[in-house]
Every structure is written in C-alpha cells, then in structure tokens.
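In: the following block contains a protein sequence and its predicted model.
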Amino acid sequence: MIGLLQRVSHASVSVDGQCIGKINTGLMVLIGVEKNDGREQAERLVKKLLGYRVFPDDEGKMNQSVLDIAGEILLVPQFTLVADTDKGMRPSFSSAAPPRQGADLFAAVVDIMSQHLPQVQTGQFGADMAVELVNDGPVTFWLQV
C-alpha cells in the first residue's frame, strides 16, 4: 500500500463540480492499493500517517505529527500510484489491486483513520475527481508499507 502525503495549508476534492471533502492545515494523502495488500497494510499505513513528523515545532524543525498539531486529513484513492513505469511510454497497472479489493481497503484505511481523528475527509473511489491543494513547504513524502 502506498501513501503519498503532502503537508497542506488547505485541500479539497470535488466530483462533478461538487466539493465532497475539504480540510485546512493537515495532510492530503493519495492512497494506492496493490494486489498483495490487506488489512495489515492498511493499519500500518494509518499508523505511519498519524505519527509521521512533518510539521514544524517551535524551532522550525519537522518534529510534530498531524496528531500533535490537531490537524486534519483528506484521503484520496489513486490507483495510478501503483503504476509500473519501467517499460515503454504507457504505464502498466498489473500490480494494482482489482477494483473491489481496492475499494474495500481504501474504506478500511478511512475506517481505521476515523478511530483516531474526529473528522476524516475523503475522495470517492472510482470517481473522476478534481483535487486542489496548497502544498505547504512544499513537503511531500512517499510512504510504502
């Protein structure tokens, strides 16, 4: 499972012109699910996302997590993260989880995250989404569990 996290001052996701998720200071995370992923990977990814120290402390060092700052999280499913780009000029998605598995595991990530944060915002699995964000820093990390 892959989580591409971005520290944001604000972010939103829309489907068909309607905003379905919006946050202020926190993390916007694109989630990619691979074939061999299961509940264990979902739990490990959430643990990393909640504890990853990407927010500045009083001395300006990245030493605080989203929990430490009482930040918000926007989770957006994105199967293209698992693309194999090694050959040719067209990506292969052979390592991506089938749609049902991907949807179930994305829902699991949301459920687990919701147990730790009062309000988790999400994109919509399988939808054509428009994502807007202001990447603060910019700070972006690729987490793979």
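Out: All right, it came through fine.
In: just the strands from the protein, written as ranges.
Out: Per DSSP state E, the chain carries strands over the ranges 2-15, 18-23, 26-32, 55-56, 62-64, 72-77, 120-122, 129-144.
In: turn these into CSV, including mean neighbour count.
Out: In short, each C-beta sits where N, CA and C put it, glycine included. Output for the strands of the chain, formatted as CSV (neighbours: other C-beta atoms under 10 Å):
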stretch, mean neighbour count
strand 2-15, 20
strand 18-23, 15
strand 26-32, 25
strand 55-56, 19
strand 62-64, 14
strand 72-77, 23
strand 120-122, 21
strand 129-144, 14
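In: ok, which of these comes nearest residue 104?
Out: For those, the distance to residue 104 is smallest for strand 72-77, at 11.2 Å, taking C-beta to C-beta.
In: mind giving me the packing neighbours of the closest one?
Out: Under the contact criterion of 3 or more C-beta pairs under 8 Å, 6 or more residues apart in numbering; DSSP states H and E, strand 72-77 touches strand 2-15, strand 18-23, strand 26-32, helix 99-114, strand 120-122.
In: need the strands of the chain in TSV with distance to residue 103 and mean pLDDT, can you?
Out: Shown next, in TSV, are the strands of the chain (distance: least, C-beta to C-beta, whole Å; pLDDT from 0 to 100):
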stretch	distance to residue 103	mean pLDDT
strand 2-15	15	98
strand 18-23	16	98
strand 26-32	11	98
strand 55-56	30	98
strand 62-64	32	97
strand 72-77	8	98
strand 120-122	12	97
strand 129-144	14	97
